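K.L.:
Model the following, please.
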Amino acid sequence: MPRRTARKAEPFSVRFTLPTDRVVQEEARRTRRSKSAVVEALAEEAVRTRRFAGIGFRGEDAARRPWVIGSGLDVWEIVQMLEDFGSHERLLEATQLTEPQLHLAIAYRDSYPDEIAEAVAQNRRSAEQWRALYPFVQLAAAP
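P.N.:
Numbers count the residues shown, from 1 in each chain. You can find the predicted model right below:
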């Protein structure tokens, strides 16, 4: 999940059990973030997984990304395939995605459009853009 600079709510106090506090403290140490930042990221991810049953998150701390459980695909990948196939029907016919999985990815995209659009745009970089970012990588020729 990309980190956004959103307006902050009023502060409030929370007390964790000692085992939970130890886990948060260790996560803060490991990721070099404050305990508040760790708790905020965990809460945001928990809110999203509750709002969108069937969405999980994976990846490194700074680049956690939503995926549709059971599909093996990130939400942005499903959205990009939908754009490429041009219709729900064509995508469902050509892949092993189920209709509920597709609808879940679309619902998530509709709630977080900038996040998903950014991921799709990054993947659609041209060969020249990839070479500029990673000049040491050899790009495979397109089939």
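K.L.:
C-alpha from now on. contacts and neighbour counts both.
P.N.:
OK.
K.L.:
mind listing the helices for this protein?
P.N.:
Along the chain, counting by DSSP state H, helices occupy 18-31, 35-51, 75-85, 88-94, 99-111, 113-123, 127-133.
K.L.:
Would you map out the domains in this protein?
P.N.:
16-51, 53-143 (automatic domain parsing).
K.L.:
correct me, but G59 touches P66?
P.N.:
No. Using C-alpha atoms under 8 Å as the test, G59 is too far from P66 to be in contact (9.0 Å).
K.L.:
In terms of neighbours, single out the busier of the two.
P.N.:
Set G59 next to P66 and count neighbours by other C-alpha atoms under 10 Å: P66 wins out with 23 against 10.
K.L.:
which residues does the more buried one contact?
P.N.:
M1, I55, G56, F57, R58, D74, V75 (C-alpha atoms under 8 Å, 6 or more residues apart in numbering).
K.L.:
Now do the residue lying farthest from the centre of the chain against R29, distance only.
P.N.:
Distance from the centre of the chain peaks at L18, with 29.9 Å (C-alpha atoms, centre = their mean). Separation of L18 from R29 (C-alpha to C-alpha, to the nearest Å) stands at 16 Å.
K.L.:
now swap in L97 and tell me
P.N.:
According to C-alpha to C-alpha, L97 and R29 sit 39 Å apart.
K.L.:
what about these two, which has more around it?
P.N.:
L97 (17 against 13).
K.L.:
tally of neighbours for the closest residue in space to that one that isn't next to it in sequence?
P.N.:
Using C-alpha to C-alpha, 6 or more residues apart in numbering and skipping the chain neighbours, the partner closest in space to L97 is S71 (6.6 Å). S71: 15 surrounding residues under other C-alpha under 10 Å.
K.L.:
ok, now R109?
P.N.:
R109, neighbours per other C-alpha under 10 Å, totals 18.
K.L.:
I'd say it and E118 touch.
P.N.:
No. Shown here, R109 and E118 do not form a contact pair, counting by C-alpha under 8 Å, at 11.0 Å.
K.L.:
Could you check how far the spatially most central residue of the chain is from A46?
P.N.:
Of all residues in the chain, the one closest to the mean position by C-alpha atoms, centre = their mean is R65, 1.9 Å from it. According to C-alpha to C-alpha, R65 and A46 sit 13 Å apart.
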